[in-house]
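> After the sequence you'll find the predicted model.
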Amino acid sequence: MNKKYVIGVPSEVRVINNLDRNVVNNPEVAAIIKHGGAPILIPTRNPELMVQYIDLIDGLLLPGGPDVAPQFYGEEPVPLLGDTDRLLDQSSIELTKLAIERHKPIFAICRGMQVVNVALGGTLYQDMGSQREKPVLQHYQKAPMDQGTHTISINADSYLAQIIGHDDKVYVNSHHHEAIKAVSSQLKISALAKDGIIEGVESLDDDLIVGVQWHPEAMFKTDEKQDALFANFMKRVGKFAKAD
Ligand SMILES: [Mn+2]
């Protein structure tokens, strides 16, 4: 049997039917399994325990979820900040730092990309519609999430371009009102929306981190480019696991 690489996915807490539950979205789980990985849920938000989990996993998938508490980049909350969970942020930031330190690849989706940026010293728009000087596109789409609604421009010399190409006809879905404001000095921009909102970031000079602002897990079943992001993630995981 081929070795399966283990992918950690932090869960979030939601109250469902009056019960306090740990949940992850199934599409990410399905995409990991499709590409030969074995997903595991990281069901605690205790930051001190993250060091226990990092040794169990070969790669880290940081999924979408609630807003990031602005205290982690030195701001007070603005009126249109959404739901936040300080402990989920703290544990995800800790996991990000540990994954980088131990050379375990990261695939960061939507909130996940914002978490990576904050973990590495960057900042966010808490609500881009009300905080950004220039007008923005509709980034909280009303169309079904398996359909792309706005285009992105991918930097031709980015790692992302190697995965999904860089023509201007790449449509992505969009489900965010937060966005990266100041990019961490340890990351570079790989994709922008037409309004200048950052839609992708990645490591400076290796392929340890790939972050996208859209939701490829909602599109991978019908869109080859989005599927390629998960295939690439598992390829990166295999490469780093063999190197260590
Ligand atoms: Mn968007």
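Nice, thanks for sending it over.
> where exactly do the strands run in this structure?
5-10, 12-16, 19-23, 37-42, 59-62, 106-109, 124-125, 150-154, 171-172, 179-180, 187-193, 198-203, 209-212 (DSSP state E).
> just so I know, which of these lies nearest residue 225?
strand 171-172 (9.1 Å; C-beta to C-beta). Using the backbone N, CA and C atoms, a C-beta is placed for each residue, glycine as well.
> Say whether the ion is contacted by that closest one.
No: Strand 171-172 is not in contact with the ion by C-beta under 5 Å from the ion; minimum separation 6.6 Å.
> sorry, back to before: in CSV, list the strands of the chain along with mean pLDDT.
Formatted as CSV, the strands of the chain follow (pLDDT from 0 to 100):
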stretch, mean pLDDT
strand 5-10, 98
strand 12-16, 91
strand 19-23, 92
strand 37-42, 96
strand 59-62, 98
strand 106-109, 98
strand 124-125, 98
strand 150-154, 97
strand 171-172, 96
strand 179-180, 98
strand 187-193, 98
strand 198-203, 98
strand 209-212, 98
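> Residue 74: which of those is closest?
Residue 74 sits nearest to strand 124-125 of all the strands of the chain, at 11.0 Å, using C-beta to C-beta.
> for the closest one, packing partners?
Applying 3 or more C-beta pairs under 8 Å, 6 or more residues apart in numbering; DSSP states H and E, we find strand 124-125 packed against helix 111-119, strand 179-180.
> so of those, which one's packed in deepest?
The highest average neighbour count among the helices and strands packed on strand 124-125, using mean count of other C-beta atoms under 10 Å, belongs to helix 111-119 at a mean of 27.
> could you dump that helix to PDB, C-alpha only?
C-alpha atoms of helix 111-119 as PDB (Å, rounded to 0.1, in the frame of the first residue of the first chain):
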ATOM      1  CA  ARG A 111      -9.300  32.800   6.200                       C
ATOM      2  CA  GLY A 112      -6.400  30.400   6.200                       C
ATOM      3  CA  MET A 113      -4.400  32.700   3.900                       C
ATOM      4  CA  GLN A 114      -5.200  35.600   6.200                       C
ATOM      5  CA  VAL A 115      -4.000  33.600   9.200                       C
ATOM      6  CA  VAL A 116      -0.700  32.900   7.600                       C
ATOM      7  CA  ASN A 117      -0.200  36.500   6.700                       C
ATOM      8  CA  VAL A 118      -1.000  37.600  10.300                       C
ATOM      9  CA  ALA A 119       1.200  34.800  11.800                       C
END
